[in-house]
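Trainee: What follows is a predicted structure for the sequence shown.
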Amino acid sequence: MTRHARFKRVVVFASLLVVRVLHGQQQSPWQDHFLQGSKAIQLGHYPDARRLLLAALEDSNQFEVNDLRSAETKAALANLYTLQGELNLASELYQQSRAIVEANGDTGKPFLAALLDGLGEVRVEQARWTEAEQLLQQSYALHVELDGDNSPMTMAVARHLGELYACTGRDREAENLLQRAITVFRKSQHPEALASALMSSGRIYLEQARYPLAENALKEAVSLDQRLGENHPALGDAWLNLAILYRVEGHTERAEPLLQKAAKIYRDASDPHLAAVLSEMGLIALQHRKYAIAEANLKQALDILAETFRPDHVSVGVLEGSLAQVYFNEGEYSKAELFIRRALEKERRSLGEASFELAQSVLIAAQIEEKQNRRLEADADYRRAVALFGRLIGENHPGALHAQELYSRFAKKIRRSDR
């Protein structure tokens, strides 16, 4: 189970912001395009949303400099680009919108809080963790000031902070924030936000091997997202996350139909979240020793992620680690070595020396080194992986036990050969 093999979908309280930005405005072509485009985002109709919001952006050229309507138009487009994985475009538009909002002083404060959240989410997707946390903390503080500690707007940012903490191994802090958000969303009747918070919580439970809790949370998320319609991308996310749980539990017969449902939704929407489905299909094929299928799916996912983010993004590194496992299982140790070194470089640069993903890659590296008779390197990496797993997920976690078993087997083989 990895935290970065897929990217998540941002939930934006667009309707609340629309009320603020349109208050007192007369009907206009800009307003029609903006409202219809915002609604298309909520419905998951991304091509329509892009067309309408680009028209709204063209309409906004008639406004005066620093008009908040221009800022909101750019922010809505930035949100759409984030959903579709066009992160550089999203970042540029958020920055432009932020400059307009800050020029409006106190009047722009409500918009600034939302913009900082959106830009922080872009930085999360780019694995720029420190900058992401700073932006999200600023957004959270502004929302507390404007909306209160337990408003849905504040808790939307709390959920994003929780996801960031989970990505960087701070699971206890993540779980506390997500449980607060879930409680608020239940009381305030925000089913889409509740579904997203439940998915985030379910992923943490999954990483902790608390599978019944994970299944309960993820099934509730599916039920909530089904209200959006069978073709909504958010429902694809829910199917995907439940499928990941079943794959990790070894129930691939339950995972595969859900992945097919998610894949259809993503393909119909030209949604780059398809990479996550292909990655899961590759891992299932790997489990069943269907290495050609595993390689094809993982390479296709790799291409999508490299284009969506950049070739040196941590998500690309995680997939390269999976491909290294495929080549290792096929006995192509030189090729496996090449891919695991790429994975390790990206993971160390983005996640540091103490991440779940790094532990997985170090364990793969140790197995490759063992097969190449590099005993000293293999021994060091086995020890490093066992120590990392023990510290990060506990010695009794299935992942930690697997690492211990592999190292024990290696150590016994070395002792026999030295006799």
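Mentor: Thanks, I have it. All of these numbers come straight from a predicted model, not from anything done at the bench. Numbers count the residues shown, from 1 in each chain.
Trainee: mind checking which helix or strand residue 165 is in?
Mentor: Per DSSP states H and E: residue 165 is located in helix 152-167.
Trainee: for that helix, what is the average pLDDT?
Mentor: Helix 152-167 comes out with an average pLDDT of 91.
Trainee: pLDDT on the helix or strand that that helix is followed by, on average?
Mentor: Sequence-wise, the next helix or strand downstream of helix 152-167 (DSSP H and E) is helix 171-188. Average pLDDT, helix 171-188: 93.
Trainee: other SSEs contacting the helix holding residue 165?
Mentor: Counting contacts by 3 or more Cβ pairs under 8 Å, 6 or more residues apart in numbering; DSSP states H and E, helix 152-167 packs against helix 109-125, helix 129-147, helix 171-188, helix 191-207. Backbone N, C-alpha and C define where each C-beta goes, glycine included.
Trainee: Turn those helices into JSON lines, columns for distance to residue 100 and mean neighbour count.
Mentor: Compiled in JSON lines, the helices and strands packed on helix 152-167 are given as follows (distance: least, Cβ to Cβ, whole Å; neighbours: other Cβ atoms under 10 Å):
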{"stretch": "helix 109-125", "distance to residue 100": "9", "mean neighbour count": "24"}
{"stretch": "helix 129-147", "distance to residue 100": "16", "mean neighbour count": "18"}
{"stretch": "helix 171-188", "distance to residue 100": "29", "mean neighbour count": "18"}
{"stretch": "helix 191-207", "distance to residue 100": "26", "mean neighbour count": "24"}
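Trainee: quick one: residue 403 from residue 309, how far?
Mentor: Residue 403 sits 28 Å away from residue 309, taking Cβ to Cβ, to the nearest Å as the criterion.
Trainee: Looking at the two, which has the bigger crowd around it?
Mentor: Each of residue 403 and residue 309 has its neighbours counted (other Cβ atoms under 10 Å); residue 403 has more, 27 against 21.
Trainee: Could you pull out the buried residues of whichever strand or helix holds residue 264?
Mentor: Assigned by DSSP H and E, residue 264 belongs to helix 252-268. Neighbour counts over helix 252-268 (16 or more other Cβ atoms under 10 Å) mark 252, 255-256, 258-259, 261-266 as buried.
Trainee: Check stretch 210-220 too.
Mentor: In stretch 210-220, counting by 16+ other Cβ under 10 Å, buried: 211, 214-215, 217-218, 220.
Trainee: Which member of the residues you listed is positioned nearest residue 369?
Mentor: In terms of Cβ to Cβ, no member of the buried residues of stretch 210-220 lies closer to residue 369 than residue 211, at 32.0 Å.
Trainee: dump the residue contacts of the closest one.
Mentor: Applying Cβ atoms under 8 Å, 6 or more residues apart in numbering to residue 211 gives the contacts 205, 245, 248-249.
Trainee: ok, now which ones touch residue 209?
Mentor: Per Cβ under 8 Å, 6+ apart, neighbours of residue 209: 393, 397-399.
Trainee: typed the wrong thing, it's residue 324
Mentor: Residue 324 makes contact with 336-340, 343, 361, 364, 368, according to Cβ under 8 Å, 6+ apart.
Trainee: pLDDT on the helix or strand hosting it, on average?
Mentor: Residue 324 belongs to helix 314-329 when assigned by DSSP H and E. When pLDDT is averaged along helix 314-329, the result is 93.
Trainee: quick one: it to chain centroid distance?
Mentor: Taking Cα atoms, centre = their mean, to the nearest Å, one finds the center of helix 314-329 at 18 Å from the center of the full chain.
Trainee: Tell me the first helix or strand C-terminal of it.
Mentor: Downstream of helix 314-329, the first helix or strand assigned by DSSP H and E is helix 333-351.
Trainee: List the buried residues in whichever helix or strand comes after that next one.
Mentor: Once the chain leaves helix 333-351, the next helix or strand it forms, by DSSP H and E, is helix 356-371. Residues of helix 356-371 classed as buried by neighbour count (16+ other Cβ under 10 Å): 356-370.
Trainee: What is the subsequent helix or strand relative to the helix holding residue 264?
Mentor: helix 274-287.
Trainee: for the helix or strand that that next one is followed by, which positions count as buried?
Mentor: Going down the chain from helix 274-287, the next helix or strand is helix 291-308, by DSSP H and E. For helix 291-308, burial by neighbour count (16+ other Cβ under 10 Å) applies to 291, 293-295, 297-298, 300-302, 304-306, 308.
Trainee: what two of those are the furthest from one another?
Mentor: Greatest spatial distance among the buried residues of helix 291-308 (Cβ to Cβ): 291 and 308, at 25.5 Å.
Trainee: Helices along the stretch 1-150 of the chain, start to end?
Mentor: Under the criterion DSSP state H, counting those that start in this stretch, the stretch 1-150 of the chain contains helices at 14-22, 29-43, 46-59, 68-83, 87-103, 109-125, 129-147.
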